[in-house]
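Student: fold the following and give me the result.
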Amino acid sequence: MSRSDIKTIKTEASANKAELLQNVVLSILANTNWIKTDLLSLIELIQDELGKVVKATDFCIGLQSENKELLDLYFVSGNKEEKSDHKQRPFGKGMADYVIKKGKGLFLNHDEIKELINIHELKHVNIIPTSWILVPLKSKGRTVGVLALRSYDDYAYTDEDFQSVKFVATQVSNVIERQLIQQELLRSEDYYRSITENATDIVIVLNAEGNIQYSSQSINSILGYKPYNLLGKYLSNFVKNPVEVIEMLIGNTDAHGPDVNLKEFKFKHKNGEWIDLEATTNNLLNYKNVNGIVINARNITERKQMEASLIKACVDTQEQERTRFAKDLHDGLGQVLTAAKINLNIAEEELKIGGGTKGQKIFDTIHRLLKQAIADTKTISHNITPHHLMDLGLVDTLKDLSSKIGEATRAEIKFESNLKKSGFSAEIDISLYRIVQELYNNSLKHGEANKISLELSADKDNVRIKYSDNGKGFNYAAASQKLNGIGLKNINTRVKALSGEISFDSEENFGFRATLTVPLTCKL
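Tutor: Here you go, the predicted model:
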């Protein structure tokens with residue numbers, strides 16, 4: 001055989017080897033698509049494919065931890081009967097550690113290995129191999145690990161084997177790095193999922209249309225739903241006043257990031273009850289891993305009930321004090337004034353008998369003042385505790401109040417009611433009466449209205465009041481921030497005590513409107 005023939009054969013062999021290496025790399029890259037989470041499976045695949053071009057019966061990949069303190073070693077045997085192994089140890093003075101530190105590959109025989117161990121005081125507890133190939137695995141310019149082949153028999157690796165391993169290592173480094181990133185993401189996802197699934201607060205993720213994309217496990221204990229019961233459904237199907245709530249929670253979808261302002265709304269429990277929730281939102285529509293609006297909500301029903309109880313206690317105490325004061329006024333001052341009037345009547349008869357124009361004038365003045373004092377006392381007592389409310393009931397008392405205020409102020413007051421029964425519980429009757437008093441006072445004193453409309457209605461669940469006037473109105477947005485000065489604070493306090501809801505609507509020069517709903521099943 002001529003030299004040219006030998007050269008041709010070598011060239012063809014090199015070409016075949018290069019093609020085989022290319023196929024090995026392509027096979028590794030193609031098969032990594034189905035290996036999603038198991039790094040050891042990926043390393044077994046690399047060993048299997050690499051074994052097609054070089055002896056790989058004792059194969060290992062070492063990967064340095066991100067903090068550079070640990071080294072994960074994955075051992076794969078060419079013997080199918082032996083299981084692959086994974087060990088972790090501190091990063092230190094092993095042969096793999098040395099290559100990672102230097103960032104350069106090594107191709108050593110038995111004697112060279114012994115010499116390197118002695119010179120650099122490397123630790124090696126096993127039998128020294130006949131030959132050893134160690135190639136650094138690099139990604140984005142950083143050495144992340146090492147690929148190693150060892151031979152313990154008579155087979156000695158060649159420089160060609162070394163070059164082949166370096167070629168494969170260069171190609172698979174990015175694959176391994178990607179696999180590590182995927183594992184880290186999965187660990188992170190599991191970590192945060194574990195937090196959300198075990199948190200006491202509710203986590204809900206909405207898309208831009210208000211469709212529920214995710215709900216945490218805690219929704220089951222708080223609202224009675226399994227998380228999958230809500231997936232794909234619109235939040236508006238589960239909340240009270242859906243238009244206002246969706247606007248409050250989603251609002252402007254162009255405003256990204258967290259909104260720390262607390263938002264309160266009612267969510268329907270699976271059993272039909274309304275649960276009070278307090279929530280913050282975080283617009284992550286542009287965050288690809290979330291692509292939604294995250295709502296963190298907690299159950300504040302007990303807190304709201306406690307607040308309502310405290311408010312009711314304050315209102316009850318106020319009413320009790322009003323009642324006591326009215327009784328003292330009637331039984332004390334009222335009786336004294338009445339007695340004084342009786343005595344004056346007697347004195348009047350005496351004056352008539354004895355005569356005296358001047359004395360009669362003085363008597364007439366005193367008589368008139370006492371008569372006015374008695375009338376004022378009755379009015380004050382009635383305003384403090386409306387006795388008619390107990391005697392006549394809410395409907396007739398409001399009708400009487402509307403008529404008297406209309407006569408006194410010359411305002412046109414239209415009162416309508418579809419109720420046949422006289423009233424409700426004492427607490428509801430008194431509170432609604434006080435609220436109407438406050439509304440009338442606001443309209444006449446502050447709004448300068450001359451036309452007022454009051455509608456009282458009820459069904460088996462709720463009692464409702466619709467109120468409007470033609471007064472000068474006011475900037476409700478500004479007034480609602482203060483909730484004082486025009487009686488809104490008192491009205492809101494009483495409505496909360498009844499577990500009710502009230503809405504106000506007013507603009508300057510366009511009058512005032514109010515809508516009130518109180519549940520007849522409220523816990524008083």
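
Student: what's the end-to-end length of stretch 122-133?
Tutor: This stretch, stretch 122-133, spans 16 Å end to end (C-alpha to C-alpha, to the nearest Å).

Student: distance from that stretch to the middle of the chain?
Tutor: In terms of C-alpha atoms, centre = their mean, to the nearest Å, the centre of stretch 122-133 is set 58 Å apart from its chain centre.

Student: and stretch 164-178, by the same measure?
Tutor: On C-alpha atoms, centre = their mean, the centre of stretch 164-178 falls 45 Å from that of its chain.

Student: would you mark the buried spots in that stretch?
Tutor: S164, V165, K166, F167, V168, A169, Q171, V172, S173, V175, I176, E177 (16 or more other C-beta atoms under 10 Å). Where you see a C-beta, it was placed from the backbone N, CA and C, and this is true even at glycine.

Student: now, those that are in helices?
Tutor: Within the buried residues of stretch 164-178, residues falling in helices by DSSP state H are S164, V165, K166, F167, V168, A169, Q171, V172, S173, V175, I176, E177.

Student: quick check, the first one in contact with V54.
Tutor: Spelled out, that is S164. Yes. Using C-beta atoms under 8 Å, S164 is in contact with V54, at 5.4 Å.

Student: returning to that earlier point: dump the ones in helices among the buried residues of stretch 164-178 to JSON lines, plus distance to N126 and pLDDT.
Tutor: Putting those into JSON lines (distance: C-beta to C-beta, whole Å; pLDDT from 0 to 100) gives the following:
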{"residue": "S164", "distance to N126": "25", "pLDDT": "88"}
{"residue": "V165", "distance to N126": "20", "pLDDT": "89"}
{"residue": "K166", "distance to N126": "24", "pLDDT": "89"}
{"residue": "F167", "distance to N126": "27", "pLDDT": "87"}
{"residue": "V168", "distance to N126": "24", "pLDDT": "85"}
{"residue": "A169", "distance to N126": "22", "pLDDT": "86"}
{"residue": "Q171", "distance to N126": "29", "pLDDT": "77"}
{"residue": "V172", "distance to N126": "25", "pLDDT": "77"}
{"residue": "S173", "distance to N126": "26", "pLDDT": "80"}
{"residue": "V175", "distance to N126": "28", "pLDDT": "75"}
{"residue": "I176", "distance to N126": "24", "pLDDT": "73"}
{"residue": "E177", "distance to N126": "28", "pLDDT": "71"}
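
Student: report the beta-bridge partners for the most centrally placed residue in the chain.
Tutor: The C-alpha lying nearest the average C-alpha coordinate of the chain belongs to N296 (C-alpha atoms, centre = their mean; 1.6 Å). Beta-bridge partners recorded for N296 (DSSP bridges): V203, T280.

Student: got a list of what it touches?
Tutor: D201, I202, V203, A279, T280, T281, N282 (C-beta atoms under 8 Å, 6 or more residues apart in numbering).

Student: okay, these in a markdown table with distance to V76 and neighbour count next?
Tutor: Below are these laid out as a markdown table (distance: C-beta to C-beta, whole Å; neighbours: other C-beta atoms under 10 Å):
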| residue | distance to V76 | neighbour count |
| --- | --- | --- |
| D201 | 46 | 18 |
| I202 | 46 | 24 |
| V203 | 42 | 19 |
| A279 | 51 | 22 |
| T280 | 50 | 17 |
| T281 | 50 | 22 |
| N282 | 45 | 17 |
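
Student: ok, so of those residues, who is nearest V463?
Tutor: Nearest to V463 among these: A279, at 29.5 Å, using C-beta to C-beta.

Student: next one: that closest one from V294, what distance?
Tutor: 10 Å (C-beta to C-beta, to the nearest Å).

Student: do the same with V135
Tutor: Counting by C-beta to C-beta - V135 and V294 are separated by 45 Å.

Student: more neighbours: the two, which one.
Tutor: V135 (24 against 20; other C-beta atoms under 10 Å).

Student: what secondary structure does that one sit in?
Tutor: strand (DSSP: H, G, I helix; E, B strand; the rest coil).

Student: hang on, isn't it packed against G145?
Tutor: No. Counting by C-beta under 8 Å, V135 stays clear of G145, with 9.9 Å between them.

Student: which stretches in the stretch 351-500 of the chain count as strands?
Tutor: Counting by DSSP state E, counting those that start in this stretch, the stretch 351-500 of the chain has strands at residues 412-417, 451-458, 462-469.

Student: so of those, which one's packed in deepest?
Tutor: Highest mean neighbour count of the strands of the stretch 351-500 of the chain: strand 462-469, a mean of 20 (counted as mean count of other C-beta atoms under 10 Å).

Student: strand partners of that strand, parallel vs antiparallel please.
Tutor: Strand 462-469 is paired, per DSSP bridges, with strand 451-458 (antiparallel), strand 512-519 (antiparallel).

Student: pull out the buried positions in the last one.
Tutor: For strand 512-519, the neighbour count (16+ other C-beta under 10 Å) marks F512, R513, A514, L516, T517, V518 as buried.

Student: could the strands of the stretch 351-500 of the chain be laid out in CSV, adding distance to V239 and mean pLDDT?
Tutor: Formatted as CSV, the strands of the stretch 351-500 of the chain follow (distance: least, C-beta to C-beta, whole Å; pLDDT from 0 to 100):
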stretch, distance to V239, mean pLDDT
strand 412-417, 31, 93
strand 451-458, 25, 94
strand 462-469, 18, 94
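
Student: any idea which of those strands gets closest to L116?
Tutor: strand 462-469 (87.9 Å).

Student: report the distance from the closest one to the chain centre.
Tutor: Distance, centroid of strand 462-469 to centroid of chain: 33 Å (C-alpha atoms, centre = their mean).

Student: for G105, give me its contacts.
Tutor: V99, I133, L134, V135, P136, F162, K166, A169.

Student: how far away is it from V25?
Tutor: Counting by C-beta to C-beta - G105 and V25 are separated by 17 Å.

Student: for S41, same thing?
Tutor: With C-beta to C-beta as the criterion, S41 and V25 are 18 Å apart.

Student: next one: I46
Tutor: Distance from I46 to V25, by C-beta to C-beta: 10 Å.

Student: turn the buried residues of stretch 164-178 into a markdown table, columns for distance to L149.
Tutor: Below are the buried residues of stretch 164-178 laid out as a markdown table (distance: C-beta to C-beta, whole Å):
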| residue | distance to L149 |
| --- | --- |
| S164 | 10 |
| V165 | 6 |
| K166 | 11 |
| F167 | 13 |
| V168 | 10 |
| A169 | 10 |
| Q171 | 16 |
| V172 | 14 |
| S173 | 16 |
| V175 | 18 |
| I176 | 16 |
| E177 | 21 |
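
Student: follow-up on the earlier one: show me which of the ones in helices among the buried residues of stretch 164-178 is closest to F59.
Tutor: After measuring those against F59 - C-beta to C-beta - the closest member comes out as V165, at 10.1 Å.

Student: so what's that closest one up against?
Tutor: V165 touches L50, V54, I133, V135, L147, L149, counting by C-beta under 8 Å, 6+ apart.

Student: S151 contacts P129, correct?
Tutor: Yes. Using C-beta under 8 Å, S151 is in contact with P129, at 5.8 Å.
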